[in-house]
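1. coords below, sequence missing:
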């Protein structure tokens, strides 16, 4: 659902930092996988939201007991090539004492330490599952917890076995028997227990981030009705102004306004609201209702490709083509485009933008957020039934620019480029007379 360009455009790496409370590499990797939103469906998103809500409601009972160091020792042990002797046969019994005291002390104590680390890890995970278990919890979460306990029971190690290894000194025969059971028979079982733990850790991480960031769970809409975002902010921007959007049957939002007025931040806020809602956590808004779409795709920070011989403009065209291909498949798409076709002359850019928006309008099942400086394009589509013109505006008072960063209906025609150029004294710097006496810029 999120390709590399969109991951970059929406700065998902920085969002990940905010969401990551995982202590294990496995948990972090599972979080990375979730953030790509691959092949996600409405029931899966809804169930994930139920899980995060449940964990938030009983956060005091959740304490993730496993660190990366614990996992490291277990993986070292399970992945070792040391031969596990079968202590149940006659040869094993005869060799057991020699194995420990004469020839393979290092291997023996490595095995013993590995067994202790593995049993301690399994015991901690099972204890977590028992502690947080609730018959009323979401079905899939309950199945995960029950699966862990069933897998642990299948190891065939009695409670006394855990006690002996973790608090006493087992005899060599017991070490060989349990070693064989763990490494030869149940290596995959332990891997499955760890895999489930990583998922639980990631869900707890998301719940922790939800609470810490004071997010609000959105209403998730299956059929893709209107987008409703009240008091939306960008979760990664400090002191961000809140804005609201109700699409009210419109599917193409054309956003105008001068540079630095807030267009890009707003569009990225919308994109992140979709991403966060699909992760199952809340959004950075006062309230929200978000339809479940198939693809989120952006066209914001496009770069040329010297190796392929692509110019900046051709790279932009290729990106718009990728968007068109997604739409062509019949998938329901959210498109976020910031200043399409910046790499060509103004008239070309106007014509290209107009043609693409005409195409977008024909596909009413999607949502398009398109920012443009071209007021002529915005005016061309202003009265189209599916179009919602919105803008960020500002004003110039005594040569100073002021923005309120508030989303408004309509089209902004404010131009401030030359004023910014003058404010930054660029023209003065290029004047050989004034440049020698001009104060340094701060």
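-> Great, that's in hand. Note that the structure is predicted; figures quoted are calculated from it, not measured.
2. how many residues are close by residue 342?
-> Neighbour count for residue 342, taken as other C-beta atoms under 10 Å: 12. The way it works is simple: take the backbone N, C-alpha and C, and place the C-beta from them, glycine included.
3. err, residue 414, not the other one
-> 17.
4. just to check, it is in contact with residue 373?
-> No: judged on C-beta atoms under 8 Å, residue 414 makes no contact with residue 373 at a distance of 10.4 Å.
5. name the element residue 402 belongs to?
-> If you go by DSSP states H and E, residue 402 is part of strand 400-409.
6. list residues touching both of residue 414 and residue 373?
-> Shared contacts of residue 414 and residue 373 (C-beta atoms under 8 Å, 6 or more residues apart in numbering): residue 258.
7. give me the buried positions along the strand holding residue 402.
-> If you call a residue buried by 16 or more other C-beta atoms under 10 Å, then strand 400-409 has these buried ones: 401, 403, 405, 407.
8. same list (the residues you listed) but as a markdown table, adding pLDDT and distance to residue 106.
-> Listed next are the buried residues of strand 400-409 as a markdown table, based on pLDDT from 0 to 100; distance: C-beta to C-beta, whole Å:
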| residue | pLDDT | distance to residue 106 |
| --- | --- | --- |
| 401 | 74 | 72 |
| 403 | 81 | 69 |
| 405 | 89 | 66 |
| 407 | 94 | 68 |
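9. can you lay out those residues as TSV showing distance to residue 160?
-> Converted to TSV, the buried residues of strand 400-409 look like this (distance: C-beta to C-beta, whole Å):
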residue	distance to residue 160
401	76
403	71
405	66
407	66
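10. between these, which sits nearest residue 203?
-> Checking those against residue 203 by C-beta to C-beta gives residue 407 as the nearest, at 33.6 Å.
11. now do the strand holding residue 402: distance to the chain's middle.
-> 30 Å (C-alpha atoms, centre = their mean, to the nearest Å).
12. counting by contacts, list what that strand packs against.
-> Secondary-structure packing of strand 400-409 (3 or more C-beta pairs under 8 Å, 6 or more residues apart in numbering; DSSP states H and E): strand 243-246, strand 387-397, helix 417-423.
13. just the element for residue 259, please.
-> Per DSSP H and E, there is no helix or strand for residue 259.
14. quick one: it and residue 372, what's the gap?
-> Using C-beta to C-beta, to the nearest Å, residue 259 is found at 12 Å from residue 372.
15. who's more crowded, those two?
-> Using other C-beta under 10 Å as the criterion, residue 259 and residue 372 rank with residue 372 on top: 25 against 14.
16. pLDDT score for the residue lying closest to residue 411 once chain neighbours are set aside?
-> Using C-beta to C-beta, 6 or more residues apart in numbering and skipping residues adjacent in sequence, the residue nearest residue 411 is residue 378, 4.6 Å away. We have a pLDDT of 93 for residue 378.
17. ok, now residue 358?
-> 95.
18. mind starting the numbering at 34 from now?
-> From this message on, residue numbering opens at 34, which makes the last subject residue 391.
19. list the contacts of residue 390.
-> So residue 390 contacts 285, 287, 401, 403, 410, 414 (C-beta under 8 Å, 6+ apart).
20. which one of the helices and strands packed on strand 433-442 has the poorest average confidence?
-> helix 450-456 (a mean of 67).
21. what's the mean pLDDT across the helix or strand that it is followed by?
-> Later in the chain than helix 450-456, the nearest helix or strand by DSSP H and E is helix 459-462. The pLDDT scores in helix 459-462 average 72.
22. next one: stretch 290-300
-> 88.
23. ends of that stretch, how far apart?
-> Start to finish, the residues bounding stretch 290-300 are 13 Å apart (C-alpha to C-alpha, to the nearest Å).
24. okay, buried residues for it please.
-> Neighbour-count burial for stretch 290-300 flags 290-291, 294-300 (criterion: 16+ other C-beta under 10 Å).
25. which regions of the stretch 284-433 of the chain lie under the pLDDT threshold?
-> 342, 432 (pLDDT under 70).
26. rerun that using 80 as the cut-off
-> The model of the stretch 284-433 of the chain has pLDDT under 80 over residues 292, 337-343, 427-433.
27. next: the stretch 134-283 of the chain.
-> Along the stretch 134-283 of the chain, segments meeting pLDDT under 80 span 134-139, 141, 205, 256-258.
28. all the helices of it, residue numbers only.
-> In the stretch 134-283 of the chain, the segments counted as helices under DSSP state H, counting those that start in this stretch are 138-165, 172-187, 192-200, 205-212, 220-245.
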